[in-house]
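Student: got a predicted model here, sequence first, then my questions.
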Amino acid sequence: MKNIGLTGNIAAGKSTVARLFSDWGATIIDADAIVHDLQRPGTPIFRAIIDRFGPGVVADDGSLDRAALRGLVFDDKRALADLNAIVHPAVADERRRLIDEAVAAGVRLLIHDIPLLFEVGDPAAFDAVVLVDAPVAARRERLERTRGLDRGTAESMIAAQMPSADKRKRATFLIDNDGSVEQLERRARDVWNRLQRLR
């Protein structure tokens, strides 16, 4: 089985590429989806987060208020380290379980959708890494338009991640998302076809 890392900075279009890969038959392990599932109300991770950060990170409906939590850890390295210590071990355990399931099912190509692969993961652990990238101006505009963020918040979120220029040097395959949806799909299909030929 080939393990492929799929990553991209915020609003670059990684999730769109992941959906395309899935439509074309890929088995996807989505790190964000795992985190969201582990943080459901009543789970040990949810309770540990509330114990550490207080009731202010609980939304009116009883779920985790991710925006409030993000605000607490965004510029506080100690708080972020505490959050990561709560969440990351459980995510790693769940990823291992899903990998074991994929192996048992005979999956030939497993896509690991990991937004912060270069920041907190190990690119060398994968047979190839696919980076989805887009110009900063386009990413900022998407954050403002699709998530309703103001300019300053969008720029802060972009600046908080490793610059994509550093990631481009280390990626195996690159999908530039600087044009139309049709162009993105064509470029993604080209990389998908190349992944099929990996030995």
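Tutor: Yep, it's here.
Student: straight-line length of stretch 102-113, end to end?
Tutor: 15 Å (C-alpha to C-alpha, to the nearest Å).
Student: pull the distance from it to the chain's centre.
Tutor: How far stretch 102-113 lies from its chain's middle: 18 Å, per C-alpha atoms, centre = their mean, to the nearest Å.
Student: which positions within it qualify as buried?
Tutor: For stretch 102-113, burial by neighbour count (16 or more other C-beta atoms under 10 Å) applies to 102, 107, 109-113. Heads up, the C-betas are built off the backbone N, CA and C, glycines and all.
Student: what about the helices in this structure?
Tutor: For the chain, applying DSSP state H gives helices covering 14-23, 31-38, 44-53, 66-73, 77-104, 117-120, 136-147, 151-159, 164-168, 181-196.
Student: now, the most widely separated pair of the buried residues of stretch 102-113?
Tutor: Farthest-apart pair in these is V107 and D113; separation 14.6 Å (C-beta to C-beta).
Student: with the buried residues of stretch 102-113 in mind, which one is nearest to R19?
Tutor: Closest approach between those and R19, by C-beta to C-beta: D113, at 9.9 Å.
Student: the nearest residue to G62 once chain neighbours are set aside: neighbour count?
Tutor: Closest residue to G62 apart from its sequence neighbours, by C-beta to C-beta, 6 or more residues apart in numbering: P41 at 5.2 Å. The number of residues packed near P41 is 13, by other C-beta atoms under 10 Å.
Student: thought P41 was touching D65?
Tutor: No. Using C-beta atoms under 8 Å, P41 makes no contact with D65, being 11.4 Å away.
Student: circling back: rebuild the buried residues of stretch 102-113 as TSV, extending it with distance to I86.
Tutor: Formatted as TSV, these follow (distance: C-beta to C-beta, whole Å):
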residue	distance to I86
A102	26
V107	30
L109	32
L110	26
I111	26
H112	21
D113	21
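Student: now distance to G71 and pLDDT too, for those residues, in CSV please.
Tutor: Listed next are these as CSV, based on distance: C-beta to C-beta, whole Å; pLDDT from 0 to 100:
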residue, distance to G71, pLDDT
A102, 36, 96
V107, 38, 95
L109, 38, 93
L110, 34, 96
I111, 31, 98
H112, 28, 97
D113, 25, 97
